[in-house]
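J.: what follows is a predicted protein model with its sequence.
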Amino acid sequence: MKIASSLRSFPGETACGDVVAWWRENDATLIAVADGLGHGTSARLAAESFVAAVEDSSGLGLAERMQRADRAIVRTRGVAATLVQIDLAAMTLTVAGVGNIQGGIFGARTRRFDGAAGIVGAGIRAIRPLTFAFDPADVLVLWSDGLRHVDIDETCWRFRDEPQRLADCLLARFGCESDDCSVLCVAFDGAVA
Ligand SMILES: [Mn+2]
């Protein structure tokens, strides 16, 4: 499995209000994508605070991590955020999101997912995580609303085995100038083109 991301700040800002992270916990891989409200340093602080809170929740389920993070970042602007837990042995991934981080599993068939209504840090309702089975040939993509509707057409799909190039391609193709942009890609089989 290979994971890579591509980010770009709102024009004129040095701090990006989108933050992505991924890490291992025992047999699972966890991914966090957070979009701090607005842009600039306050947005970045909110997004970094979210990631710190969910990284500090080892052993908890995704819904519990989101609830904990919601309380932990109450003094920040708040974020839109999605957590993904990948179980490579079982070939399943579980998703919990609040706000407008979107994602898709692209491959023989495409499955898209979106966050629940709300803002993490402003008091969220209970979340019910979704679990998807994936195929080793699939690619998982997560993106903030700095990207327009993402579709992996031929322009970018040729990079399906190279998550860094795929993420860069999607950012270049679908990124807007009106917001921070982040896109994270996962190639499960780890094959190199
Ligand atoms: Mn945004």
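T.: On my side now, so go ahead.
J.: residues contacting residue 148?
T.: 174, 176 (Cβ atoms under 8 Å, 6 or more residues apart in numbering). Placement of C-beta: from N, CA and C, glycine included.
J.: host element of the closest residue to residue 82 other than its chain neighbours?
T.: Nearest residue to residue 82 in three dimensions, chain neighbours excluded: residue 97, at 3.5 Å (Cβ to Cβ, 6 or more residues apart in numbering). Taking DSSP states H and E as the definition, one finds residue 97 inside strand 92-98.
J.: tell me how far that strand lies from the chain's centre.
T.: Relative to the centre of its chain, strand 92-98 is centred 10 Å away, using Cα atoms, centre = their mean, to the nearest Å.
J.: who does the following helix or strand past it pair up with?
T.: Next along the chain after strand 92-98, taking DSSP H and E as the criterion, comes strand 102-106. Strand pairing for strand 102-106, determined by DSSP bridges: strand 111-113 (antiparallel), strand 139-143 (antiparallel).
J.: the ion is nearest to which of these?
T.: For the ion, the closest of the strands paired with strand 102-106 is strand 139-143, at 10.1 Å, according to Cβ to the ion.
J.: from the contact counts, what lies against the helix or strand just after that closest one?
T.: Next in sequence after strand 139-143, counting helices and strands by DSSP H and E, comes helix 154-157. The elements that helix 154-157 packs onto, with contact taken as 3 or more Cβ pairs under 8 Å, 6 or more residues apart in numbering; DSSP states H and E, are helix 163-174.
J.: how big is the angle separating the helix it packs on from strand 139-143?
T.: 50 degrees (axes from the mean of the first three to the mean of the last three Cα atoms, to 10 degrees).
J.: so what does helix 163-174 touch, helix or strand wise?
T.: When contacts are defined as 3+ Cβ pairs under 8 Å, 6+ apart, helix 163-174 sits against strand 2-8, strand 139-143, helix 154-157, strand 181-187.
J.: to residue 33, which of those lies closest?
T.: Closest of the helices and strands packed on helix 163-174 to residue 33 is strand 139-143, at 4.8 Å (criterion: Cβ to Cβ).
J.: what comes up buried for the helix or strand of the chain with the lowest mean pLDDT?
T.: Ranking every helix and strand in the chain by mean pLDDT, DSSP states H and E puts helix 154-157 at the bottom, with a mean of 89. Within helix 154-157, the residues that qualify as buried are residue 156, counting by 16 or more other Cβ atoms under 10 Å.
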